[in-house]
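A.B. asks: all I have is the shape, not the residue letters:
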């Protein structure tokens, strides 16, 4: 998407990742000097890790929906 320079000197690398309907819109926010130390592969890995963690949360079954939690009659 875009790199946005924030008023406090940090930058936000805005990105969109994932197939429909599981599209994550997020940003990596850090100091410009830290961002400059990262390789393109490291940045891509950080974005993928964000997506993987988010995807695990949004696709997890609701708490308490497991058969072992059902009341026994």
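C.D. replies: Structure's in. What do you need? Note that the structure is a prediction, hence the values are computed from the model and not measured.
A.B. asks: work out which residue lies at the spatial centre of the protein.
C.D. replies: residue 50 (2.7 Å; CA atoms, centre = their mean).
A.B. asks: hang on, that residue packs against residue 25?
C.D. replies: No. Taking contacts as CB atoms under 8 Å, residue 50 lies outside contact range of residue 25: 10.8 Å. Just so you know, the C-beta spots here come from the backbone N, C-alpha and C atoms, and that holds for glycine as well.
A.B. asks: what residues does the helix ranked longest in the chain touch?
C.D. replies: In the chain, assigned by DSSP state H, the helix with the most residues is helix 40-58. Applying CB atoms under 8 Å, 6 or more residues apart in numbering, the external contacts of helix 40-58 come out as 13, 15, 17-18, 22, 24, 26, 28, 35, 38.
A.B. asks: mind running it again at 7 Å?
C.D. replies: 13, 15, 17-18, 22, 24, 26, 28 (CB atoms under 7 Å, 6 or more residues apart in numbering).
A.B. asks: need the buried ones from those residues selected in ChimeraX.
C.D. replies: In ChimeraX syntax, the buried subset of the contacts of helix 40-58 is picked out as below (16 or more other CB atoms under 10 Å):
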select :13,15,17,24,26,28
